[in-house]
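Student: Quick one, fold the following:
(one chain, ligands or ions: 1)
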Amino acid sequence: MKATAKAHTNIALIKYWGKRDEALILPTNNSLSLTLDGFYTTTTVEFREELTQDIFYLNDECISGIPYTRVSQFLDLIRDIAKKPNLFAQVKSTNHVPTAAGFASSASGFAALASAGSQAIGLTLNDQELSRLTRRGSGSACRSIYGGFAEWDKGEKEDGSDSFAVPIAPQDYWDIRVAAVVLHADMKKVSSRVGMKRTVDTSPFFKGWVDSIPQDLKQIKSGISERDFEKVGSVAEANCLKMHATTLGANPPFTYWHDTTFTVMQHVQMLRKKGIPAYFTIDAGPNVKVLYLPENEEQIKQELESIPGVTDVILSKSGQGITYI
Ligand code: PMV
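Tutor: Now for the predicted structure:
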């Protein structure tokens, strides 16, 4: 009744932005990501007969409040599938995701919890079933089941049974890298949940965003299959800009960008003019992630570190999918 799993975070190159069902976490568009080896969560779940409620430790600290409730409600889903409604668990998680790196640890966190939890209770789920379950914890987490490139198929059904991620290319398919550029930015955060909802409900640009996705996906998948870095990078960068444009059209309008975010974006575009292939992408926060190739690693790191307002640059390779320890 005990299992330990390790899951890595992922960066979306085609973003998930907008839900059609909030409760089931069903997206309005397909998304595509690269799993990263530098950032991961390790989670041990142990179901024990004598427990009268779940217990959750994160980085050795006993957790209560909203994060506890999210974990416990997720375990309810696992208990439901296993038909063991009164069996509670002790969950111990360690995040190897520097919080400052601007990666939400929810992707690696829920992927590790879903895999350790389902295995501990005795379920044997295939990757699609595991991805579908993980989606209920955090949408983007459903892509972290796989190494390398993965696509989350939004599905068509109302019950979400066909909404899960599938592998596109494994970890060792292509050595493409990501630099997480950490900024000195102190901003009030609009969570991805709140930001998405406001965009869906009020932004006149949202329809344009959704309509543009099939073409972006087609392009990026052909870029991946040809190992064409310029093609993959330019589609990812343009897709990120479109996602962020929808927030400016929302009511009230908002943006995740900080002035240094903009400076880094311009710097990356300038690097390209100098002949160094590099492309940026940005999630629901001010930090920038830069895609690059191994032969340019040293120069990319130096250039990014030299930008005023940048506090750290953390490098990562393509990562692996779920592993059980
Ligand atoms: O899964 P969430 O609720 O953390 O939302 C993720 C949203 C983005 O990071 C902006 C895009 C994505 O696809 O990961």
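Student: Hmm, Gly34 is touching Gly148, no?
Tutor: Quick fix: residue 34 reads Leu, not Gly. Yes: with contact defined as C-beta atoms under 8 Å, Leu34 reaches Gly148; the gap is 7.0 Å. Where C-beta positions appear, they are placed from N, C-alpha and C, glycine not excepted.
Student: When those two are compared, which one has more neighbours?
Tutor: Shown here are Leu34 and Gly148; by other C-beta atoms under 10 Å, Leu34 has more neighbours (30 against 22).
Student: Is it correct that that one falls within a strand?
Tutor: Yes: counting by DSSP: H, G, I helix; E, B strand; the rest coil, Leu34 falls inside a strand.
Student: Next, the contact list for it, please.
Tutor: Asn10, Ile11, Leu13, Gly148, Phe149, Ile176, Val178, Ser318 (C-beta atoms under 8 Å, 6 or more residues apart in numbering).
Student: if I look at it, how far off is the ligand?
Tutor: Here the criterion is C-beta to the nearest ligand atom, to the nearest Å. By it, Leu34 lies 11 Å from the ligand.
Student: and that residue, what are its bridge partners?
Tutor: Assessed by DSSP bridges, Leu34 has beta-bridge partners Ile11, Phe149.
Student: so how many other residues sit close to the spatially closest residue to Ile121 that is not a sequence neighbour?
Tutor: Excluding the flanking residues, the one nearest Ile121 by C-beta to C-beta, 6 or more residues apart in numbering is Ala82, at 4.5 Å. Residues near Ala82, counting by other C-beta under 10 Å, number 16.
Student: what's the answer for the one 3 residues further on, then?
Tutor: For Pro85, the tally of surrounding residues (other C-beta under 10 Å) stands at 8.
Student: surely it meets Arg79?
Tutor: Yes: at 5.4 Å, Pro85 counts as touching Arg79 under the criterion of C-beta under 8 Å.
Student: on that earlier part again, between the contacts of Leu34, which has the most around it?
Tutor: With neighbours defined as other C-beta under 10 Å, the most crowded of those is Asn10; it has 31 neighbours.
Student: count of neighbours near the closest residue to it other than its chain neighbours?
Tutor: Excluding its sequence neighbours, the residue lying closest to Asn10 (C-beta to C-beta, 6+ apart) is Ser33, at 4.0 Å. Residues lying near Ser33 (other C-beta under 10 Å) number 26.
Student: need the contact list for Ser33.
Tutor: Taking C-beta under 8 Å, 6+ apart, we find Ser33 in contact with Asn10, Ile11, Ala12, Leu13, Ile14, Ser140, Arg143, Phe149, Ala150, Glu151, Trp152.
Student: Need the residues you listed in CSV (columns: pLDDT).
Tutor: As requested, the contacts of Ser33 are exported to CSV (pLDDT from 0 to 100):
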residue, pLDDT
Asn10, 97
Ile11, 97
Ala12, 98
Leu13, 98
Ile14, 98
Ser140, 97
Arg143, 98
Phe149, 98
Ala150, 98
Glu151, 98
Trp152, 98
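Student: Dig out what the nearest residue to Thr323 once chain neighbours are set aside forms beta bridges with.
Tutor: Once flanking residues are discounted, Thr323 sits nearest to Lys6: 5.0 Å by C-beta to C-beta, 6+ apart. Beta-bridge pairing of Lys6 under DSSP bridges involves Thr42, Thr323.
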